[in-house]
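Trainee: Got a predicted model here, sequence first, then my questions.
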Amino acid sequence: MNADKNKNSIIRLFNVSKRYGAKLALDDVSLDVEPGEFIFVSGPSGAGKSTLLRVLYLAEMVSEGQILIDGMNLSRISSRKLPFLRRRFGMVFQDFKLIPSRTVFENVALVLEVAGESPNFIRKKVMQVLRITGMEKKANALPLTLSGGEQQLVAVARAVVGEPAIILADEPTGSLDDKAAQAIMDFLMEYHKRGATILVASHNLHLMESTVRGRNIVLEEGKLKTISTML
Amino acid sequence: MIRFVKKALADIRSNRFLNFITIITISLSILIVSIFMLFFENTSRFIEVWNQGGRAVIYLEKDFFRDRLPDLEAKIRGLGEVDEMVFIPKAQALDKLKKEMSSRTQFFKTLKTNPLPDAIEIKMKAHGSFEQIQSFARKIESLALVENVEYGQGWLGKFLNIFNLFKITGYAMCGLFLLIALFITANTVRLAFYSRRLEVEIMRLVGATEGFIKMPFYVEGLLQGFLGGVVGLVILLCGYLAIASGIAENLVTYVHIDIQFLSVRAILIILFSSTFLGWFGCYLSLKQILK
């Protein structure tokens, strides 16, 4: 039964380690994530939370171990196929990573542009997502004219606009006040309900516990310490 | 593709000064190359006109007698490279000279005998090159009763030597200026790339292929190259219109040829080259950055 369950895992990590020189950022981490799960990755600063997400979207290569995404072994993926793998992810970063010279609309549209969608489809889809996030009226604004919370909403809109199967969020509420943080989490939960698998790395355990129903994974010094269920 | 062109135009607008400098550099390089091409095209045309039926004068030996003329003319025609042939007796040549130098009648009065030889003026058929004309002239000179052949070998030979020297210098200069333009274009792309590093990083994170990332830079390079070519040619055209007509009028008096602007073929070659230059500068730069 358990073997069958693992076969369906959308993300599988087998004894994954990541070294930066002598320092082990991830130490022998194994994990299975089911489709549609909400995983909250917590732990103190430097525990390896961000590194775990970075190895998933191949911003970093693992030093040891294997990662399978939807059955695809990341260690065997060619640089040519890497962009197509990344289109399966929606990513949210603590520093938003929005292009300052492009408008809100253009930043969100970028995901669909790289996927080769038609201009009509892009216009319709982006406006739809901006409407849900409440950023519709700021579609033509430049990111630097927005508040931190608004910028993060744009980043989340960009992460979900392509309707990816997996959303990775690295400290998405790290620099936001409680109200803005709650808005971001509500929005992520909305997409979780639609079936997206979501991994959020954050030290804000209180916010997660009040919002999330899913699994909490605690990392300490790169090791996976505990896995608990948040109800 | 329209998306990439729009993006490239937006990038050119946002980096106006840098792109302006690049386009001007390319246009100046193209201008230098175009000036040489204009010179070579017109000079080549002049040489071609001369080769397409130049005239030569065959001077005959002093003991030439008129009764030998049919035999000699037949031999010359037998060489098969003559269109027209006119015998000019030495008396007629002297009369012509006297008319042309009418201000020096005193000089002619002192002459006791006619110093000019009998001559045959010929119009040669088209020759591919100066060397072929030389070879033909040598054949005539080897005939009996022929003293020598005058076909402008002195000045035309010197002219061709200078022309060839110009050609080599021209190639070197064109190569040098195109290299400079290439370097500047590559540098502009490099600066543009670094100024958009965050954008490129984000594009990669959201799944952009390398082709998608590079394409706006290539389009920008192509546009810079093309615009540089157009501006260079427009400057050349203005310069040509301003000064060429005067030069042409003067030259027509001597060489019966007018100065013409570049042919459509040359214009297309220049535009293609400048566009390629923009693309190649971009290619080199991106290859190095994304290594």
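Mentor: Here it is on my side, so go on.
Trainee: Would you mind giving the secondary structure of the residue of chain B found nearest chain A?
Mentor: Closest approach between chain B and chain A, counting by C-beta to the nearest C-beta: B:Gly207, at 3.7 Å. C-beta here means a position set from N, CA and C on the backbone, and glycine is covered the same way. Under DSSP: H, G, I helix; E, B strand; the rest coil, the three-state class of B:Gly207 is coil.
Trainee: Could you tell me how many residues sit around it?
Mentor: B:Gly207 is flanked by 23 other residues according to other C-beta atoms under 10 Å in any protein chain shown.
Trainee: OK, contacts around it?
Mentor: A:83-87, A:111, A:114-115 (C-beta atoms under 8 Å, 6 or more residues apart in numbering or on different chains).
Trainee: Could you do A:Ile122 as well?
Mentor: A:109, A:112-113.
Trainee: Kindly report the residues of the stretch 1-150 of chain B close to chain A.
Mentor: The stretch 1-150 of chain B comes close to chain A at residues B:3, B:14, as judged by C-beta under 8 Å from any C-beta of the partner chain.
Trainee: out of the contacts of A:Ile122, which touch chain B?
Mentor: Among the contacts of A:Ile122, proximity to chain B is found for A:Glu113 (C-beta under 8 Å from any C-beta).
Trainee: from the contacts of A:Ile122, which has minimum pLDDT?
Mentor: Note: of those, the lowest pLDDT belongs to A:Glu113, at 92.
Trainee: didn't it look like it was pressed against B:Arg3?
Mentor: Yes - between A:Glu113 and B:Arg3 there is a contact at 6.9 Å, judged by C-beta atoms under 8 Å.
Trainee: and the helix or strand containing B:Glu147, which strands flank it?
Mentor: Element membership of B:Glu147, judged by DSSP states H and E, is strand B:146-150. In the sheet containing strand B:146-150, its partner strands are strand B:55-60 (antiparallel), by DSSP bridges.
Trainee: what sits up against the strand it pairs with?
Mentor: Residues from elsewhere that reach strand B:55-60 (C-beta under 8 Å, 6+ apart): B:72, B:76, B:88, B:117-124, B:133, B:137, B:140, B:145-152.
Trainee: Pull out the buried residues from that strand.
Mentor: B:56-60 (16 or more other C-beta atoms under 10 Å in any protein chain shown).
Trainee: Please apply the same query to stretch A:47-66.
Mentor: Here stretch A:47-66 shows A:47-60, A:62, A:65 as buried, counting by 16+ other C-beta under 10 Å.
Trainee: gap between the two ends of that stretch?
Mentor: 20 Å (C-alpha to C-alpha, to the nearest Å).
Trainee: ditto for stretch B:47-57
Mentor: 19 Å.
Trainee: for the record, mean pLDDT for that stretch?
Mentor: Averaging pLDDT along stretch B:47-57 gives 72.
Trainee: Likewise for stretch B:189-209?
Mentor: Mean pLDDT, stretch B:189-209: 89.
Trainee: Quick one: end-to-end distance for that stretch.
Mentor: In stretch B:189-209, first residue to last residue: 19 Å (C-alpha to C-alpha).
Trainee: distance between that stretch and the chain's centre?
Mentor: 44 Å (C-alpha atoms, centre = their mean, to the nearest Å).
Trainee: Sort out which residues of it are buried, please.
Mentor: Buried-residue list, stretch B:189-209, by 16+ other C-beta under 10 Å: B:189-190, B:192-193, B:196, B:199-200, B:202-209.
Trainee: Quick check: the gap between A:Val154 and chain B.
Mentor: 12 Å (C-beta to the nearest C-beta, to the nearest Å).
Trainee: isn't there a strand covering that residue?
Mentor: No - per three-state DSSP, A:Val154 lies outside any strand segment and is helix.
Trainee: Got the confidence number for it?
Mentor: At A:Val154, the pLDDT recorded in the model is 93.
Trainee: Spell out which residues sit in contact with it, please.
Mentor: A:Val154 makes contact with A:96, A:98, A:104, A:107-108, A:133, A:135, A:143, A:146, according to C-beta under 8 Å, 6+ apart.
Trainee: What subset of these is buried?
Mentor: Among those, those classed as buried by 16+ other C-beta under 10 Å are A:96, A:98, A:104, A:107-108, A:133, A:135, A:143, A:146.
Trainee: Within reach of chain B, which of the residues you listed are there?
Mentor: Restricting the buried ones among the contacts of A:Val154 to those near chain B - C-beta under 8 Å from any C-beta - leaves A:Leu98.
Trainee: And the buried ones among the contacts of A:Val154, which is closest to B:Ala10?
Mentor: Closest to B:Ala10 out of the buried ones among the contacts of A:Val154 is A:Asn107 (14.4 Å), distances taken as C-beta to C-beta.
Trainee: That closest one: helix or strand, and which one exactly?
Mentor: helix A:104-114.
Trainee: Quick one: residues in contact with that helix.
Mentor: So helix A:104-114 is contacted by A:83, A:87, A:90, A:98-99, A:102, A:121-123, A:125-127, A:129-130, A:135, A:138-143, A:146, A:154, A:157-158, A:161-162, B:3, B:202-203, B:206-209, B:212 (C-beta under 8 Å, 6+ apart).
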